[in-house]
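In: any chance you can model this:
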Amino acid sequence: MTSFASRWRAAALAGLLALCGAGPALSAPADVALLQSYIGEWRGRGVLIGANTETVVCRMSLTQGNQQKVNYNGRCTLAGTQLSVAGTMAYVEASRRFEAAMSSNATFTGIAVGQKRGNGLIFNLRERDKDEEGKDLNISAQISLNDDAINVVFEVVYVESGDSLRAEVPFSR
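Out: As a prediction, the model looks like this:
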């Protein structure tokens, strides 16, 4: 169970920071402006719920990137473990959607598809990964950018046993 817990923590922290994007970004000015409205410094504090409940503390920075993209760098701390994530997010005109892709120091990678909802964006990520012992994990994350706030909900389920971890972290400037 220790291997699952450490892998889970790394995956959970990676999911908390899954705000990044891919592809060329030639888009309507309103789509670019929506993404750029989240440029700035963000801080979050939330909880990771599993066998135990633990506090999660996160920081992230969104900056102007090339070709109408927004770059992202973030870090979360949980029980003395740190995870770093970096990437970009963009509106991809060719696919007519927002996309966020990330890479992390915990080998977790993924691409989330974003949709406009009201005045904000919601990115959804669903991936399947394996723990250090080769056992399957289902990973899902929802990242909401709305009303000058970012909220992240992240869940990992260990397929064989059904054990799960869920993290919820609200971010503000």
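In: beta-bridge partners for the closest residue to residue 39 other than its chain neighbours, please?
Out: With sequence-adjacent residues excluded and distances taken as CB to CB, 6 or more residues apart in numbering, residue 39 is closest to residue 62, at 4.9 Å. (Each C-beta comes from the backbone N, C-alpha and C, glycine too.) For residue 62, the beta-bridge partners under DSSP bridges are residue 40, residue 72.
In: following whichever helix or strand residue 151 is part of, which helix or strand shows up next?
Out: Applying DSSP states H and E as the criterion places residue 151 in strand 149-158. Using DSSP H and E, the helix or strand that follows strand 149-158 in sequence is strand 164-172.
In: return the strand or helix carrying residue 102 as CSV; C-alpha atoms alone will do.
Out: When elements are assigned from DSSP H and E, residue 102 belongs to strand 97-104. What follows is strand 97-104 as a C-alpha-only set of coordinates in CSV (Å, rounded to 0.1, in the frame of the first residue of the first chain):
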residue,chain,number,x,y,z
ARG,A,97,-11.4,24.0,-28.8
PHE,A,98,-9.3,24.9,-25.8
GLU,A,99,-6.6,22.4,-24.9
ALA,A,100,-4.3,22.0,-21.9
ALA,A,101,-1.4,19.6,-21.9
MET,A,102,1.2,19.1,-19.1
SER,A,103,4.5,17.5,-18.1
SER,A,104,5.6,17.0,-14.6
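In: tell me the gap between that strand and the middle of its chain.
Out: 8 Å (CA atoms, centre = their mean, to the nearest Å).
In: and the contacts of the helix or strand just after it?
Out: Next helix or strand after strand 97-104 toward the C-terminus (DSSP H and E): strand 109-117. Contact with strand 109-117 is made by 18-19, 22, 34, 89, 97-103, 121-125, 127, 139, 141, 143-144, 146, as judged by CB atoms under 8 Å, 6 or more residues apart in numbering.
In: quick check on these: which are buried?
Out: 18-19, 22, 34, 89, 97-102, 121-123, 125, 127, 139, 141, 143-144 (16 or more other CB atoms under 10 Å).
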